[in-house]
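Asker: any chance you can model this:
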Amino acid sequence: MRGVGGRTTAFLIVAAVVLAACTSYGSGTDTGSTPPATSGPRPASPAVVKIVEPKNGATEPASGAKLQVSLTGAKLTPVTSQDISPTEGHLHVSVDDKLISMTSGLTQTLPDLTSGRHTIRVEFVAADHLPFDPRVVTEAFFEVK
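Answerer: Below you'll find the model as predicted:
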């Protein structure tokens, strides 16, 4: 029986290490807005993404603020798409470094926000949710009153 207990303990230690490695992405102050590094070259994209609304420096309401994005040089595809193409992908939207959506739309309502300064970041990513190289990203700063 002594050998079985040792194997069980070893298995539990290995399982804990694997689980920790799988869940560590997105921990700490960065809550998942930046995907992990990959082991191969990433394609470049001709896409250009811009935040139309909220405008940089704007004052927005705490509830019901709208995000409007423009995308040129590429098209949005469903988040579930599996084909990686430099001209196809979806958007990752983050507010204050917290991922709030993965979308194939150009408009959405932002979640309720506290008073103060906020940063919104929008990144056009490939079907595998990983960034292009160079990254196709934009951000704006706005105030909530």
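Asker: going forward, measure contacts between C-alpha atoms and count neighbours the same way
Answerer: Noted.
Asker: run through who's touching the lengthiest strand in the chain.
Answerer: Counting residues, the longest strand found in the chain (DSSP state E) is strand 131-144. The contact list for strand 131-144 (Cα atoms under 8 Å, 6 or more residues apart in numbering) reads 35, 41-45, 47-51, 54-62, 86, 113-126.
Asker: now those: which count as buried?
Answerer: Buried members of these, counted by 16 or more other Cα atoms under 10 Å: 45, 47-51, 54, 59-60, 62, 86, 113, 118, 120-126.
Asker: narrow those residues to those in strands?
Answerer: Mapping these onto strands (DSSP E) picks out 48-51, 59-60, 118, 120-125.
Asker: I'd like those written out as a markdown table, with distance to Ser81 and pLDDT added.
Answerer: Shown next, in a markdown table, are those (distance: Cα to Cα, whole Å; pLDDT from 0 to 100):
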| residue | distance to Ser81 | pLDDT |
| --- | --- | --- |
| Val48 | 20 | 98 |
| Val49 | 20 | 98 |
| Lys50 | 23 | 98 |
| Ile51 | 24 | 98 |
| Thr59 | 36 | 96 |
| Glu60 | 33 | 96 |
| His118 | 31 | 97 |
| Ile120 | 25 | 98 |
| Arg121 | 22 | 98 |
| Val122 | 19 | 98 |
| Glu123 | 17 | 98 |
| Phe124 | 14 | 98 |
| Val125 | 12 | 97 |
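Asker: need the max-distance pair from the residues you listed.
Answerer: Thr59 and Val125 (28.1 Å; Cα to Cα).
Asker: what number of residues lie near the residue lying closest to Ser63 once chain neighbours are set aside?
Answerer: Among residues not flanking Ser63 along the chain, Asp112 sits closest, at 4.6 Å (Cα to Cα, 6 or more residues apart in numbering). Using other Cα atoms under 10 Å, Asp112 has 12 other residues around it.
Asker: and for Glu88?
Answerer: When neighbours are counted by other Cα under 10 Å, Glu88 registers 20.
Asker: could you find the closest non-adjacent residue to it?
Answerer: Using Cα to Cα, 6+ apart, the nearest residue to Glu88 is Lys75, at 5.1 Å.
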